[in-house]
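1. predicted model, plus sequence, below.
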Amino acid sequence: MTPANRMDDESHRPSLRLVAGGVTPARREEEALVAAFLVGDDDAFGELVRRNEVMVLAIVRRYAQTPEDAKDLAQRVFLRAFEAARRSLRKGPRAAVPFRRWLVRVAVNLAKNHRRDGLRIVRAPLEELDRSGGVSTAPAAPDVLVLRERERRMREAVLLLPRRQREVLTLRIDAELPFAEIASSLAITENAAKVSFHHATRALRAALAGEDRP
Amino acid sequence: MTACQDFDVLISLRAAGALDPEESARLEAHLSTCAACRAEAEADAAVLRLAKLPAPTDAERQATSGIVKGALAELHRREGRASSWKRTTAAFAAAAAILVAVLAPAVLGRRPAVPPEDASAVTAAAAWQEPDLDTLWSDAGLLDDDATSSADTAVDAALVAVDL
């Protein structure tokens, strides 16, 4: 029995919605893995995490103080997303949302709350680990220091963007998601996502220009 | 210097590498003739280079490895807590049922017959079913360690409402 149809023979259990056309094999596999996990298959859980952990970490690391903090945040994202998927399946097929969409939505919200709840960061892991991977001890050249200071200020400016602009911008430049996926995850149109990205870019340029002014 | 209005969004999307071939060809044709838009394109690209986080270092990758193991451990911890709660509830329910079974004959024997106007209440009581513990547990939201704001709930509801 495949994971996808394990629950078909139990009418009182959540069942996956069958969508005709437009569903990629990857999404079908993901739905099957979610279904398998919801009936207790830990291996399916592991596979889902492995498939998506790079994306989730890419989303949350901007908001985390340390790599360990990012890892903890990512774990919570997976647990919350599974719970959300479980609840939406209980509400019936029409309420079903692709698991990856839950992941993106939950990651964005948890990261935002993480910052709001006082574990906020104006530094990214970059400040604690140099680019070769060790703790930075050697003095950097002045031009490198200037560049890093500009990068630090830019990351602060990103966190100060209006919510929608920040979400779209970071999902694009951190997680490198296509605009169509960003739009569906944030429940907005693709055009709105692109316009938000444009406004975010202009806002960052304005912030940078303001700080560079004497 | 500002970009031509028809191209300003495309210029930002170009910096993000998000143009389709048709858009890209149209914009590149314009950029070849418009210095102002070329300057805007360079400025957008520069700011996004600054805003982008560097790729994770080996040390960061090492520190963030093991998410599967950690998440599974947390999941089992939560499920264990839920099972414990269910066992406790079941024990109380069983004790209450025994108490009712022992006391009911004595109590009911001393009471007058149920008046007709209370018949609907008796019917309702007879129709009562023990609620499903999974549903109660889920509705209580006790599995959530993370605070969920009303805004989050609204977003979730909106997501759920999306007809895919």
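-> That came through, no problem.

2. give the burial count for residue 25, as a bare number.
-> This is for chain A. For residue A:25, the count of nearby residues is 7 (other Cβ atoms under 10 Å in any protein chain shown). Every residue, glycine included, has its C-beta placed from N, CA and C.

3. meant chain B, my bad for not saying
-> With other Cβ under 10 Å as criterion, residue B:25 counts 11.

4. so, in contact with chain A or not, the helix or strand where it lies?
-> Taking DSSP states H and E as the criterion, residue B:25 maps to helix B:21-31. No: Helix B:21-31 lies apart from chain A when judged by Cβ under 8 Å from any Cβ of the partner chain; the minimum separation is 10.4 Å.

5. following that helix, which helix or strand comes up?
-> Per DSSP H and E, helix B:21-31 leads on to helix B:35-51 as the next helix or strand towards the C-terminus.

6. which SSE is immediately downstream of that following helix?
-> helix B:58-63.

7. which positions within that next one qualify as buried?
-> Neighbour-count burial for helix B:58-63 flags B:59-60, B:63 (criterion: 16 or more other Cβ atoms under 10 Å in any protein chain shown).

8. next one: stretch B:13-28
-> For stretch B:13-28, a neighbour-count test (16+ other Cβ under 10 Å) marks B:13-16, B:18-19, B:27 as buried.

9. can you check stretch A:177-197 too?
-> Neighbour-count burial for stretch A:177-197 flags A:177, A:179, A:181-186, A:188, A:193-197 (criterion: 16+ other Cβ under 10 Å).

10. now do the nearest residue to residue B:51 once chain neighbours are set aside, the pLDDT please.
-> Nearest residue to residue B:51, sequence neighbours excluded (Cβ to Cβ, 6 or more residues apart in numbering or on different chains): residue A:154, at 4.9 Å. Looking at residue A:154, its pLDDT stands at 91.

11. residue contacts, residue A:154?
-> A:204, A:207-208, B:47, B:50-51 (Cβ atoms under 8 Å, 6 or more residues apart in numbering or on different chains).

12. got a markdown table for the residues you listed, with distance to residue A:47, neighbour count and pLDDT too?
-> A markdown table is the format used below for the contacts of residue A:154 (distance: Cβ to Cβ, whole Å; neighbours: other Cβ atoms under 10 Å in any protein chain shown; pLDDT from 0 to 100):
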| residue | distance to residue A:47 | neighbour count | pLDDT |
| --- | --- | --- | --- |
| A:204 | 37 | 22 | 96 |
| A:207 | 41 | 19 | 92 |
| A:208 | 42 | 19 | 88 |
| B:47 | 38 | 24 | 95 |
| B:50 | 37 | 18 | 93 |
| B:51 | 33 | 24 | 94 |
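
13. of these, which is the nearest to residue A:63?
-> Of all these, the one with the least separation from residue A:63 (Cβ to Cβ) is residue B:51, at 14.3 Å.

14. confirm for me that that closest one is in contact with residue A:174.
-> No: using Cβ atoms under 8 Å, residue B:51 makes no contact with residue A:174, being 9.3 Å away.

15. SS state for residue A:80?
-> Three-state assignment for residue A:80 (DSSP: H, G, I helix; E, B strand; the rest coil): helix.

16. buried residues of stretch B:65-79, list them for me.
-> Across stretch B:65-79, burial judged by 16+ other Cβ under 10 Å covers B:67-68, B:70-72, B:74-75, B:78.

17. ok, back up a step: in helices, which of the buried residues of stretch A:177-197 fall?
-> Counting by DSSP state H, those place A:179, A:181-186, A:193-197 in helices.

18. for burial, what's the neighbour tally of the closest residue to residue A:115 other than its chain neighbours?
-> Spatial nearest neighbour of residue A:115, excluding adjacent residues (Cβ to Cβ, 6+ apart): residue A:63 at 5.0 Å. Neighbour count for residue A:63, taken as other Cβ under 10 Å: 24.
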